[in-house]
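Novice: need a 3D model of the sequence below.
(one chain, ligands or ions: 1)
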Amino acid sequence: MKVSEIGYGAWGLGRREWIGADDKESTRALHRAIDLGVNFLDTALAYGEGHSETLIGRVLKERREEVLVATKVPPRNRRWPAPKGVPVAQTYPGDHIVDCCEKSLRHLGRERIDLLQLHTWQDDFLDQDGWKDALAGLKRSGKARFVGVSVNDHDPDSAMRAVGSGLFDTFQIIYNIFDQSPDDKFLPACLERGFGVIARVPFDEGSLTGAITPETEFPDGDFRNHYFGGDRKRQVWDRVLRLRKLLEPEARSLPELALRFCLASDAVSTVIPGMRKVANVDANTSVSDGRRLTPQLKKTLRGHAWERDFYS
Ligand SMILES: NC(=O)c1ccc[n+]([C@@H]2O[C@H](COP(=O)([O-])OP(=O)(O)OC[C@H]3O[C@@H](n4cnc5c(N)ncnc54)[C@H](OP(=O)(O)O)[C@@H]3O)[C@@H](O)[C@H]2O)c1
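Specialist: This next block holds a predicted model:
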């Protein structure tokens, strides 16, 4: 597959009940992204229990362009991230994978999914059977063109054996200015073996856009009340102020710097910012201009890595 380097993170499209995603606005944003050359959309069956997929299906019916869709099979036990030591029978038994793929095909209104990803992962799964035959069968039947893994948050080591196994075509991983851990072993291994890499959460859920200040409030029920809970907004803000000093001439804004950071890695095939607004689509797609960060700025950004897990 030849994918646009700016892809579309469609998680937010599914979450209308608590972060107020507006379907009309999301639809406009999807159309705008395709108008501007985005040809890779990342969604999941679990995003709004099919709502994100359904919205994408509706939009794609109105388009003539070839747009590639990646979706994900949720773990049967619905536990994110995948805990260690839980057997495949509770996460990805073969019949569950096939059922979920069928549901996603119906939501998307398609006969084939371009990339079917397992939504969580632990390398222990490699030693157990069931899921491998199911994925191979879906590939053979043409229902899934490629298969991949979405790696647990901030945990590239949990999928290093999966990279070595050769059973997957792509890996989706958190990679941003704060979490640069994939640079150590994970991305070099993917690059060496020629696997596709989807860099997710490029804005650290918004902090790397500069929009989260110590005063920012989130609606009730929004997961960011937890993600940016306690004094985390202050911690983020202090880091962001330091990053701001690096703007110009290579990036005019923090979102641009954040995306250029991801694209500076030769291993990254596409970066998938979450976007629901046309203005964000315009800003993010404009970064795909062929320019790359200088090695000096890349080196400076290394000093801004920040190891922590706000999800837990
Ligand atoms: N386990 C998994 O497999 C997994 C987990 C998390 C995410 N993902 C995938 O990765 C994608 C990206 O992650 P994410 O959406 O959670 O986080 P993200 O991309 O780090 O941040 C998204 C946030 O940034 C805002 N934004 C986007 N462009 C902006 C711009 N130019 N200026 C200012 N703000 C901007 C968005 O606002 P608006 O929404 O208001 O436009 C949204 O609030 C998801 O959509 C999903 O496809 C996968």
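
Novice: residues in the stretch 51-200 of the chain within reach of the ligand, list them.
Specialist: By the rule CB under 6 Å from any ligand atom, the part of the stretch 51-200 of the chain lying against the ligand is 72, 119, 150, 172, 200. Heads up, the C-betas are built off the backbone N, CA and C, glycines and all.

Novice: show me what contacts the last one?
Specialist: Spelled out, it's residue 200. 9, 42, 150, 172-175, 271-272 (CB atoms under 8 Å, 6 or more residues apart in numbering).

Novice: beta partners for the closest residue to the ligand within the chain?
Specialist: Taking CB to the nearest ligand atom, the ligand has its nearest neighbour within the chain at residue 274, 1.9 Å off. Applying DSSP bridges to residue 274 gives these bridge partners: residue 9.

Novice: pull the contacting residues for it.
Specialist: Residue 274 neighbours (CB under 8 Å, 6+ apart): 9-12, 201, 203.

Novice: farthest pair within the residues you listed?
Specialist: 10 and 203 (14.9 Å; CB to CB).

Novice: higher neighbour count, the two?
Specialist: Higher neighbour count among residue 10 and residue 203: residue 10, with 29 against 24, using other CB atoms under 10 Å.

Novice: can you point me to the longest helix in the chain?
Specialist: What stands out as the longest helix in the chain, according to DSSP state H, is helix 94-108.

Novice: that one - contacts with which helices or strands?
Specialist: Secondary-structure packing of helix 94-108 (3 or more CB pairs under 8 Å, 6 or more residues apart in numbering; DSSP states H and E): helix 51-61, strand 68-73, strand 113-118, helix 131-141.

Novice: can you give the distance of the third one from its chain's centre?
Specialist: What that stands for is strand 113-118. Put simply, strand 113-118 sits 13 Å off its chain's centre (CA atoms, centre = their mean, to the nearest Å).

Novice: what's it in contact with?
Specialist: Residues beyond strand 113-118 that count as contacts (CB under 8 Å, 6+ apart) turn out to be 1, 44, 68-73, 75, 92, 97, 101, 104-105, 131, 135, 138, 143-150, 169-170, 172, 196.

Novice: dump the residue contacts of the closest residue to residue 54 other than its chain neighbours.
Specialist: Take residue 54 and drop its neighbours on the chain: the residue closest to it by CB to CB, 6 or more residues apart in numbering is residue 107, 4.7 Å away. Applying CB under 8 Å, 6+ apart to residue 107 gives the contacts 45, 50, 53-54, 57.

Novice: do residue 28 as well
Specialist: The neighbourhood of residue 28, defined by CB under 8 Å, 6+ apart, consists of residue 278.

Novice: for residue 36, see how far away the closest residue to residue 39 other than its chain neighbours is.
Specialist: The shortest distance from residue 39 to any non-neighbouring residue, by CB to CB, 6+ apart, is to residue 4 (4.8 Å). Distance, residue 4 to residue 36, by CB to CB, to the nearest Å: 9 Å.

Novice: name the residue in these two with the higher neighbour count.
Specialist: residue 4 (20 against 15).

Novice: quickly find the element holding the more buried one.
Specialist: According to DSSP states H and E, residue 4 maps onto no helix or strand at all.

Novice: check what pLDDT the spatially most central residue of the chain gets.
Specialist: With distances taken as CA atoms, centre = their mean, the residue of the chain nearest its centroid is residue 200 (3.2 Å). Note for residue 200: predicted pLDDT of 98.

Novice: and the gap between it and residue 131?
Specialist: 22 Å.

Novice: now residue 243
Specialist: 40 Å.

Novice: for residue 43, same thing?
Specialist: Residue 43 is 21 Å from residue 131, by CB to CB.

Novice: same thing with residue 124?
Specialist: 12 Å.

Novice: now residue 68
Specialist: For residue 68, the distance to residue 131 - CB to CB - is 23 Å.

Novice: how about low-confidence regions in the stretch 101-250 of the chain?
Specialist: Within the stretch 101-250 of the chain, no stretch has pLDDT under 70.

Novice: all strands of it, in order?
Specialist: Assigned by DSSP state E, counting those that start in this stretch, the strands in the stretch 101-250 of the chain fall at 113-118, 144-150, 170-174, 196-200.

Novice: so which of the ones you listed gets nearest residue 25?
Specialist: strand 196-200 (21.8 Å).

Novice: list the neighbouring strands of the closest one plus their orientation.
Specialist: Counting by DSSP bridges, strand 196-200 is paired with strand 170-174 (parallel), strand 270-272 (parallel).

Novice: pick the most buried one from those.
Specialist: Most buried of the strands paired with strand 196-200 by mean neighbour count (mean count of other CB atoms under 10 Å) is strand 270-272; its value is a mean of 27.

Novice: how about residues contacting that strand?
Specialist: Under CB under 8 Å, 6+ apart, the answer for strand 270-272 is 3-9, 40, 42, 172, 175, 196, 198-200, 202, 259, 262-263.
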